[in-house]
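Trainee: the following block contains a protein sequence and its predicted model.
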Amino acid sequence: MMVAGSKQSGGTIERRIVQDVVRQHAEQAAFFWAQRDTLAAEDPPDGNVVAGVDRRLEPNLDGLRISGTAAWPFIEAAYEDFPEKGELFLFAWLAIEQDNDSKVRRAVELGRASDDDARGLVGALAWHKAETISPLVRRWISAQDAFLRYLAVATCREHGVDPKSLLTNLLRDPDGRVRANSLHLAGVLKRADLTHDVISALDSDDGRVRLWAAWALNELGRGDLARAELRKVAAANGPNALTALRALIQAGPQDDVRAFMGGLLKSPDTTSLAVRGAGMLGDRSILPWLVQQMRAPALAVAAGGALLETFPEARGIDGLFTLDPTTLGPDFEEHFGDFAVKVPVAENVRTWSDSVLQK
């Protein structure tokens, strides 16, 4: 559809393209990947929705594949106009797809300048098959450049690839971001042989390193050593609080976990975290309590997340959630303003819960 024809010139094939179509492929591919990345990061994510976005993304990537090098002016223009994660993903994806070393180096520099751990660049490395990006990872994983080492480790984590003996040195890397991601990878891979190094990382001055050391220890069956750090991170209610709380719940024992969450519930700074964490306990009897929390604007989103985790079947029920909180009354309008946020409709959930609890 986007290729109007081709002609031979100097031993190479030049493709004549329909510019507006290729531009649309570039814009939509960047948009869809950014959308799927955001959706995948939701807690909990909706796998069916993510898969639906993937099905819309792939045809646009195919269109850019077919366009070949003729797609680059549109890719570069898209990034210049809107240098965000979706546009970085697209730039890096095509550079890797075409095995274009200079463009890959440019993508690396764009990622280095980003302020989100080069999410789009890592996403492009994750999107490609492991065998496609393995030459890059092998070259980067022992590089002098800490950013390249970070990209290599993050890519191994995304693909679930074990760098074997190299991971030992990466756990001791002087760069905090590399160490944190290496610890995360060690936990994902269940590398019990690295337990001693993971324990040592709990003494780091870097909070990211301590968090992922605790998380990895929990994955390695040493939750007893991880609990103190996990509690500290959860109680601080920062960006990684949910990760820490989920690991803490997994570590147990359940009586201790519930006592800790009771403490979170008593503090205004952590009440919403405790409400969201309630959905991680797997206790379906909390549904009436969750409905009560949904009536408080500050707790509604957390209660909705807890509902979806405890009752996955609620996703398919029309009317349980709204994207327009202002329809729920002046308190919700004041709290959310004109932001489109997915919020549970307490009365509808209560009605639905009557049939659920009778089963």
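Mentor: On my side now, so go ahead.
Trainee: low-confidence ranges, the stretch 1-150 of the chain, go.
Mentor: The model of the stretch 1-150 of the chain has pLDDT under 70 over residues 1-17.
Trainee: again, only this time at 80
Mentor: Counting by pLDDT under 80, the stretch 1-150 of the chain has low-confidence residues at 1-18.
Trainee: which stretches of it form helices?
Mentor: When secondary structure is read from DSSP state H, counting those that start in this stretch, the stretch 1-150 of the chain shows helices at 19-40, 47-67, 72-81, 85-97, 101-113, 119-127, 130-140, 146-159.
Trainee: including mean neighbour count and distance to residue 187, could those go into TSV?
Mentor: All C-beta atoms are positioned from the backbone trio N, CA, C, and that covers glycine. Putting the helices of the stretch 1-150 of the chain into TSV (neighbours: other Cβ atoms under 10 Å; distance: least, Cβ to Cβ, whole Å) gives the following:
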stretch	mean neighbour count	distance to residue 187
helix 19-40	20	19
helix 47-67	16	22
helix 72-81	17	34
helix 85-97	25	25
helix 101-113	16	24
helix 119-127	24	18
helix 130-140	15	19
helix 146-159	22	10
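Trainee: in TSV: these, plus distance to residue 303.
Mentor: What follows is the helices of the stretch 1-150 of the chain, written out as TSV (distance: least, Cβ to Cβ, whole Å):
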stretch	distance to residue 303
helix 19-40	20
helix 47-67	20
helix 72-81	38
helix 85-97	29
helix 101-113	37
helix 119-127	28
helix 130-140	39
helix 146-159	31
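Trainee: out of those helices, which is closest to residue 272?
Mentor: Each of these has some distance to residue 272 by Cβ to Cβ; the shortest is helix 19-40, at 20.0 Å.
Trainee: tell me which of the helices of the stretch 1-150 of the chain approaches residue 181 most closely.
Mentor: helix 146-159 (4.5 Å).
Trainee: give the other helices and strands that that closest one contacts.
Mentor: The criterion is 3 or more Cβ pairs under 8 Å, 6 or more residues apart in numbering; DSSP states H and E, and the helices and strands that helix 146-159 contacts are helix 101-113, helix 119-127, helix 130-140, helix 176-188.
Trainee: give the other helices and strands that the third one contacts.
Mentor: Just to be clear, that refers to helix 130-140. helix 85-97, helix 119-127, helix 146-159.
Trainee: next one: residue 94 from residue 37, what distance?
Mentor: Here the criterion is Cβ to Cβ, to the nearest Å. By it, residue 94 lies 17 Å from residue 37.
Trainee: re the thing from before, out of the helices and strands packed on helix 130-140, the one nearest residue 110 is which?
Mentor: Smallest distance to residue 110 across the helices and strands packed on helix 130-140 (Cβ to Cβ): 5.7 Å, for helix 85-97.
Trainee: report the angle between that closest one and helix 119-127.
Mentor: Using axes from the mean of the first three to the mean of the last three Cα atoms, to 10 degrees, one finds that helix 85-97 and helix 119-127 are set 40 degrees apart in direction.
Trainee: nearest to residue 200, of the helices of the stretch 1-150 of the chain?
Mentor: Using Cβ to Cβ as the measure, helix 146-159 is the one of these that comes nearest residue 200, at 17.8 Å.
Trainee: please enumerate the strands of the stretch 201-350 of the chain.
Mentor: Assignment of strands within the stretch 201-350 of the chain using DSSP state E, counting those that start in this stretch yields the ranges 321-322, 343-344.
Trainee: the first one: how far from the chain's middle?
Mentor: Pointing back at strand 321-322 there. For strand 321-322, the separation from the chain centroid amounts to 23 Å (computed by Cα atoms, centre = their mean, to the nearest Å).
Trainee: circling back: in a markdown table, list the helices and strands packed on helix 146-159 along with distance to residue 151.
Mentor: Formatted as a markdown table, those follow (distance: least, Cβ to Cβ, whole Å):
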| stretch | distance to residue 151 |
| --- | --- |
| helix 101-113 | 7 |
| helix 119-127 | 7 |
| helix 130-140 | 6 |
| helix 176-188 | 9 |
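Trainee: select, out of those helices, the one closest to residue 349.
Mentor: By Cβ to Cβ (comparing all of those), the closest turns out to be helix 119-127, at 33.1 Å.
Trainee: could I get the CA-only coordinates of the closest one as CSV?
Mentor: Provided in CSV are the C-alpha atoms of helix 119-127 (Å, rounded to 0.1, in the frame of the first residue of the first chain):
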residue,chain,number,x,y,z
ARG,A,119,12.6,3.3,28.1
GLY,A,120,12.0,3.5,24.3
LEU,A,121,15.5,2.2,23.4
VAL,A,122,15.2,-0.7,25.9
GLY,A,123,11.7,-1.4,24.5
ALA,A,124,13.1,-1.6,20.9
LEU,A,125,15.8,-4.1,22.1
ALA,A,126,13.1,-6.1,23.8
TRP,A,127,10.8,-6.1,20.8
